[in-house]
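>>> Below: sequence and its predicted model.
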Amino acid sequence: MPVDYSKWDNLELSDDSDIEVHPNVDKRSFIRAKQDQIHLERQQRKLQIETLKYERQINDELMKRVSNLLNALKAHAAEAETRNPAEVAFQAVMESVGSPEDDKPPARPEGVHAREEQLPSYTKMMATLLDQVNKELDEKKPENRYNAMMDEVGVHLKKVQDLQQELLKKLAELEKDNSRKITSEGIHTGFDSSYVAKSTPSASGANKPDDSKVELLNPNFSLSKPEESSTADDGDDGEIQASPDARKFADIRAGNYRESHAFLGSHPHILSEKETDGILIMAFDAQLDGKDDFARQCVHQALLLQYCRALGKDGVALFFKRITTKGHQAQDVFYKDMQDTYYRIKNRAAEINARREAEGGSSEGVEQIQLHAVEPGTEIKINIPPEKSDDEVEKRGRQIFEGFTPDMQKALESGSLDKVNEVLGKLKVEDAEEIVGLLSEANILSLEEQIIDATTEEGQKHLKEMKEEAAWESYDDNPE
């Protein structure tokens with residue numbers, strides 16, 4: 001059988017004594033230069049392969065996040081026809097945010113992009129992409145901004161996919177070229193061990209070890225005191241309670257974002273799911289005791305922790321930057337989520353108090369649904385849809401308005417929020433919840449800036465609070 005020696009053609013030798021050089025060229029210098037050239041090319045090829053593998057890993061995660069964003073936008077496309085497109089888009093962005101544990105890119109291999117700065121987090125990459133998309137939309141000014149946003153995100157996804165395809169093609173070529181070279185790095189030791197079984201004289205019965213003894217996986221385990229071994233596992237099964245620092249955070253007034261941000265900067269350990277649940281339990285207990293304002297404040301602070309944690313490593317800075325930007329869509333999404341969460345707690349607390357009262361327990365007061373403006377410096381305005389209008393939305397709003405009871409219609413026509421709350425207070429919680437939902441659907445209620453009379457003592461107090469809020473809104477874009 002003939003032997004195939006063709007594989008030896010791929011040997012890459014850095015030293016060849018049989019090489020022929022020009023008589024005027026020093027042979028040793030020529031061989032040394034050839035060695036340096038081969039080693040340098042081999043090192044550059046290896047570094048380039050490591051660089052492309054690292055970039056492939058970054059692009060895979062980025063494509064995954066952009067694809068999740070595009071799928072979330074498509075899933076909410078129908079809602080954008082009936083709701084505020086900006087609010088729906090922000091909701092889709094929040095749903096596509098990955099877990100905080102995977103937000104940091106992997107460490108670079110040694111020598112890869114050594115002169116460049118450290119890569120930002122994936123959350124910052126996505127924020128930069130969204131800023132580019134919004135800038136392009138502002139320049140194009142499309143009629144349907146939501147659909148145009150989906151198209152622009154799809155374009156960016158296609159760019160990343162094309163870049164990844166080129167990268168994979170180049171990587172495959174380099175690996176193929178590298179595999180053709182038989183170098184000293186590919187040499188490895190095969191079977192390099194031996195074993196000879198030697199016979200040993202049999203031991204006597206008296207000296208033979210006891211083979212009947214049971215070998216325990218945990219030799220320190222004590223059957224007589226099993227409770228000691230399980231003590232360490234019971235630490236997380238107790239009642240969920242907010243820590244003292246979390247309770248201090250819950251006492252901060254809703255809307256005082258400067259104090260909340262400063263507190264999180266000095267107490268980052270409360271950014272955990274356990275502390276969020278603990279503050280929500282505080283809200284539930286306060287609602288059971290009839291402390292509506294404090295319960296609403298606890299819900300606000302608990303969701304603030306949840307949003308900061310969901311936005312990733314730089315979630316605190318991103319949240320406060322967007323929530324304090326005047327007119328930003330993040331405010332509508334956050335406050336709507338807060339109201340929905342609070343009303344769920346309020347409804348559940350009402351059911352529990354009603355059951356306690358039926359069982360003979362004491363329950364102070366009657367649970368009611370009341371409308372209040374949450375954001376400082378704003379108030380709820382009442383706008384009655386006109387009777388005759390060609391706009392379909394206003395027609396639908398008028399139809400809903402005419403379906404209300406005469407008392408509710410009269411209260412709305414008066415323009416007084418107190419009278420509306422008075423009518424809501426006479427209804428059951430379930431009926432009042434339905435009325436509030438219809439008011440929102442009919443666009444009868446709107447949140448507007450409050451006009452303050454600075455000539456009164458109370459107005460001057462409100463004006464001072466608004467100036468503090470305005471100073472916080474002008475806070476630096478990168479507070480860290």
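Arrived safely, thanks for sending. What you see is a predicted model; the values in this text were computed from it and never measured.
>>> And the next helix or strand past the helix or strand of the chain with the lowest mean pLDDT?
Every helix and strand of the chain was ranked by mean pLDDT, DSSP states H and E. The lowest is helix 226-229, at a mean of 40. Sequence-wise, the next helix or strand downstream of helix 226-229 (DSSP states H and E) is helix 244-250.
>>> so how far is that following helix from its chain's centroid?
23 Å (Cα atoms, centre = their mean, to the nearest Å).
>>> Show me what that helix is packed up against.
Where contact means 3 or more Cβ pairs under 8 Å, 6 or more residues apart in numbering; DSSP states H and E, helix 244-250 is packed against helix 257-266, helix 273-288, helix 292-310. In this view, the C-beta of every residue, glycine as well, is placed from N, C-alpha and C.
>>> Name the residues that touch that helix?
Helix 244-250 is contacted from outside by 242, 260, 263-264, 267, 269-270, 275, 278-279, 282, 297-298, 301-302, 305, using Cβ atoms under 8 Å, 6 or more residues apart in numbering.
>>> how far away is residue 354 from residue 294?
Distance, residue 354 to residue 294, using Cβ to Cβ, to the nearest Å: 21 Å.
>>> Those two: who's more crowded?
residue 294 (18 against 15; other Cβ atoms under 10 Å).
>>> wait, that one sits on residue 285?
No: between residue 294 and residue 285 there is no contact under Cβ atoms under 8 Å: 9.7 Å.
>>> need the strands for the protein, in chain order.
378-382, 445-449 (DSSP state E).
>>> Look at residue 413 and say how many residues are nearby.
Count around residue 413 with other Cβ under 10 Å applied: 12.
>>> distance between the longest helix seen in the chain and the chain's centre?
Criterion DSSP state H: the longest helix present in the chain is helix 27-75. Mean-position distance between helix 27-75 and its chain equals 29 Å (Cα atoms, centre = their mean).
>>> what about dumping the CA coordinates of stretch 398-412 to CSV?
Output in CSV follows, covering the C-alpha atoms of stretch 398-412 (Å, rounded to 0.1, in the frame of the first residue of the first chain):
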residue,chain,number,x,y,z
ARG,A,398,-69.2,61.7,23.3
GLN,A,399,-71.0,58.4,23.2
ILE,A,400,-69.2,57.3,26.4
PHE,A,401,-70.1,60.6,28.1
GLU,A,402,-73.8,60.2,27.3
GLY,A,403,-73.7,56.7,28.7
PHE,A,404,-72.9,58.0,32.2
THR,A,405,-75.5,58.6,34.9
PRO,A,406,-77.0,62.1,35.1
ASP,A,407,-75.1,62.8,38.3
MET,A,408,-71.8,61.9,36.7
GLN,A,409,-72.6,64.0,33.6
LYS,A,410,-73.5,67.0,35.8
ALA,A,411,-70.3,66.6,37.9
LEU,A,412,-68.2,66.4,34.7
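>>> what sits up against it?
Against stretch 398-412 from outside (Cβ under 8 Å, 6+ apart): 382, 384-387, 389, 419-420, 422-423, 435, 438, 441-442, 444.
>>> on that earlier part again, helices or strands next to the longest helix of the chain in the packing?
So helix 27-75, by 3+ Cβ pairs under 8 Å, 6+ apart, packs with helix 85-95, helix 122-140, helix 145-179.
>>> Turn the ones you listed into TSV, columns for mean pLDDT and distance to residue 335.
Formatted as TSV, the helices and strands packed on helix 27-75 follow (pLDDT from 0 to 100; distance: least, Cβ to Cβ, whole Å):
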stretch	mean pLDDT	distance to residue 335
helix 85-95	77	11
helix 122-140	84	21
helix 145-179	86	21
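>>> Check those helices for me and report the most buried one.
Stretch with highest mean neighbour count among these: helix 85-95 (a mean of 20; mean count of other Cβ atoms under 10 Å).
>>> got the angle between that one and helix 122-140?
160 degrees (axes from the mean of the first three to the mean of the last three Cα atoms, to 10 degrees).
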